[in-house]
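Novice: Could you look at this predicted model? Sequence included:
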Amino acid sequence: MIGHRTHLSVNEKGHLEIGGVDTVVLAGELGTPLYVTDEDRIRTRYGELHSAFSCRGYGVKIKYAYKANTSLAILKIFQNLGAGADVLSEGEIRVALYIGLKPEEIIFTGNNKTDEEILYAVQKGVLINLDSIHELERLKRICSGRDVRRARVSFRINPAVSPKTHPYLATGLKESKFGVGHKEALKAYTSAQEDRNLSIEGIHMHIGSQILDPGVYAEATSRLLDIVCELKEKLGIDLKFIDLGGGFGIKYQESDRYIAPSEFADAVFPVIDNAVERCGLKRPEIFIEPGRFLVADSTILLTRVNTVKETPFKKFIGVDSGFNTLARPALYNAYHEVVVANRANEEAREVVTIAGNICESGDILAHDRSLPKIVEGDIVVLLDTGAYGLVMASQYNFRPRPAAVLVSGGRWVLIRKRETFDDLISGEILPPDL
Ligand code: LLP
């Protein structure tokens, strides 16, 4: 077990194992960089979150946030578990339907939807979570004169709270680009109610990501419920669902507090109970949209050491990945725990910096870590890379995106092929007269 991660262990050879599979053997057989996901860990996390929100007197649905990890195998696992989908593009709607989800299980959020995406969602019967009054006007315009079914809608509310996370990961601040503010909300629902071709189904918020303070959810939920009560009192609307968004934070490093999922549920349900009673609401269904909580710690990234380099200032361990493979450290200064897979039992001996292979100074995967003595060929592993890892990978510097495997009970299966040079040039067009 590595820290609190029960799905990671060290075998008798001193190698890191995930789901009973030796990562050094995997790296040897499949090459690096390689994303490795433990299926059972995903199931465990889903079960933990689901049971924390269940038996609270409301129907609860988990709408897995596709943006966190869109490997088809992982989407299928969630479908089998009974999760719906939170999606943000036509591509994500399509992949949800491709996996076999019903349109009713999908909620389409996004602050900049195209006309084509809106029309596609209406035609398929997918609920559109509107981000502004302008978007509502656009929806009305797109549907008018067309023989389309009644559009199912909700509004994303901006509850104007600070989630105490990285500034790039805060989405419910009053100055942020997302959602409808409290003052506009009544106007938005009134306008939607006037259109007989629309069916108002719910209300939504998503206040940010990697949130480690459940109290922020209580505050935001209370603001959301104030609006729900106003809608009931002034417009007679009883919403079918309240979507509290995602954002539940995980423990990336030892100094992070571990938040049990029940702490998030304990923060929001008393607020909902209170409003239901005070305002005489019909009990709504409660949706949550976690991404990171469900997939982040299921996955590790295996990289191989190319170069060991000492300068008067630092010792750099150069690996065969960079921010093209894992963007989070460069983009958000995110911390990912590092383990040397083939020296997982060895004591830390030196402080090193894990450098990526992209030609940019910001391409550092881990700064100043105490690790065993590392040599060329060793396998350096970055933990907790299942959320916003592979999905944010690019082909920058003309490097192919990595392969991915799924492990379970000591067995593995490839779920994504490593890209090749042919993939890199497949979309390019060389004009014949050049
Ligand atoms: N719902 C909506 C509307 C969202 O925009 C997001 C994430 C989620 C749910 C899921 O949030 P989660 O439970 O995963 O925190 N790339 C960043 C994270 C960006 C999150 C974007 N929205 C990172 O690597 O940390």
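Specialist: Sure thing, it's come through.
Novice: CA atoms for contacts and neighbours, from now on please.
Specialist: Will do.
Novice: tell me which residues in the longest helix belonging to the chain are buried?
Specialist: For the chain, the longest helix by residue count, based on DSSP state H, is helix 214-235. For helix 214-235, the buried set under the neighbour-count rule, 16 or more other C-alpha atoms under 10 Å, comprises 214-225, 227-229, 231-232.
Novice: anything in that helix near the ligand?
Specialist: No: Helix 214-235 does not reach the ligand (C-alpha under 6 Å from any ligand atom); its nearest approach is 12.7 Å.
Novice: Now for Ser426, how many residues are close by?
Specialist: 9 (other C-alpha atoms under 10 Å).
Novice: What strand or helix carries Ser199?
Specialist: strand 198-204 (DSSP states H and E).
Novice: got it, and Ala330?
Specialist: helix 328-332.
Novice: for that helix, packing partners?
Specialist: Other helices and strands packing on helix 328-332, by 3 or more C-alpha pairs under 8 Å, 6 or more residues apart in numbering; DSSP states H and E, are strand 364-371.
Novice: next helix or strand past the strand it packs on?
Specialist: Scanning forward in sequence from strand 364-371 by DSSP H and E, the next helix or strand is strand 379-382.
Novice: and whichever helix or strand comes after that following strand, how far from the chain's centre?
Specialist: Heading C-terminal from strand 379-382, the first helix or strand you meet, by DSSP H and E, is strand 403-408. Its chain's C-alpha centre and that of strand 403-408 lie 18 Å apart, by C-alpha atoms, centre = their mean, to the nearest Å.
Novice: Also stretch 402-409?
Specialist: For stretch 402-409, the distance to the chain centre is 18 Å (C-alpha atoms, centre = their mean).
Novice: buried set for that stretch?
Specialist: 402-408.
Novice: From Thr171, how far out is the nearest residue to Glu285 once chain neighbours are set aside?
Specialist: Closest residue to Glu285 apart from its sequence neighbours, by C-alpha to C-alpha, 6 or more residues apart in numbering: Phe241 at 4.5 Å. Distance of Phe241 to Thr171, given as C-alpha to C-alpha, to the nearest Å: 21 Å.
Novice: ok, these two, which is more surrounded?
Specialist: A direct count of neighbours by other C-alpha under 10 Å for Phe241 and Thr171 places Thr171 higher, at 25 against 20.
Novice: residues contacting that one?
Specialist: 177-178, 206-209 (C-alpha atoms under 8 Å, 6 or more residues apart in numbering).
Novice: can you rerun that using 7 Å?
Specialist: 178, 206-208 (C-alpha atoms under 7 Å, 6 or more residues apart in numbering).
Novice: Ranking by neighbours, what's the top pick from the residues you listed?
Specialist: Highest neighbour count within the contacts of Thr171, by other C-alpha under 10 Å: Ile207, with 29 neighbours.
Novice: if we can go back for a sec, pull the distance from the helix holding Ala330 to the chain's centre.
Specialist: 15 Å.
Novice: The stretch 1-150 of the chain against the ligand: which residues are in contact?
Specialist: 65, 68, 109.
Novice: quick one: low-confidence parts of the stretch 151-300 of the chain?
Specialist: Within the stretch 151-300 of the chain, the segments meeting pLDDT under 70 span 168-170, 172.
Novice: can you give me the helices in it?
Specialist: Using DSSP state H, counting those that start in this stretch, the helices of the stretch 151-300 of the chain run over 182-194, 214-235, 261-279, 292-295.
Novice: Run the contact check for the third one versus the ligand.
Specialist: Right, helix 261-279. No: using C-alpha under 6 Å from any ligand atom, no contact is recorded between helix 261-279 and the ligand, whose separation bottoms out at 12.1 Å.
Novice: and that helix, what does it pack onto?
Specialist: helix 39-53, helix 214-235 (3 or more C-alpha pairs under 7 Å, 6 or more residues apart in numbering; DSSP states H and E).
Novice: if we can go back for a sec, out of the residues of the stretch 1-150 of the chain next to the ligand, which are inside helices?
Specialist: Going by DSSP H, the helices hold none of those.
Novice: and Arg141, helix, strand or coil?
Specialist: Of the three states, Arg141 takes helix under DSSP: H, G, I helix; E, B strand; the rest coil.
Novice: Quick one: neighbours of the nearest residue to Phe53 once chain neighbours are set aside, just the number.
Specialist: Sequence neighbours aside, Ala265 is the residue nearest to Phe53 in space, at 5.6 Å (criterion: C-alpha to C-alpha, 6+ apart). Number of residues near Ala265 (other C-alpha under 10 Å) recorded here: 19.
Novice: ditto for the one 10 residues further on
Specialist: Ala275 is flanked by 17 other residues according to other C-alpha under 10 Å.
Novice: try Gly91
Specialist: Neighbours around Gly91, by other C-alpha under 10 Å: 11.
Novice: follow-up on the earlier one: select, out of the helices and strands packed on helix 261-279, the one closest to Pro261.
Specialist: helix 39-53 (5.6 Å; C-alpha to C-alpha).
Novice: Which of the residues in that closest one are classified as buried?
Specialist: 39-43, 45-46, 49-50, 52-53.
Novice: Can you list the helices and strands that that helix packs against?
Specialist: helix 261-279, helix 292-295, strand 403-408.
Novice: and those as JSON lines, adding distance to Arg150?
Specialist: Formatted as JSON lines, the helices and strands packed on helix 39-53 follow (distance: least, C-alpha to C-alpha, whole Å):
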{"stretch": "helix 261-279", "distance to Arg150": "28"}
{"stretch": "helix 292-295", "distance to Arg150": "33"}
{"stretch": "strand 403-408", "distance to Arg150": "40"}
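Novice: Would you tell me which one of these is buried the most?
Specialist: helix 292-295 (a mean of 26; mean count of other C-alpha atoms under 10 Å).
Novice: Tell me if it is near the ligand.
Specialist: Yes: residues of helix 292-295 contacting the ligand under C-alpha under 6 Å from any ligand atom: 292-293.
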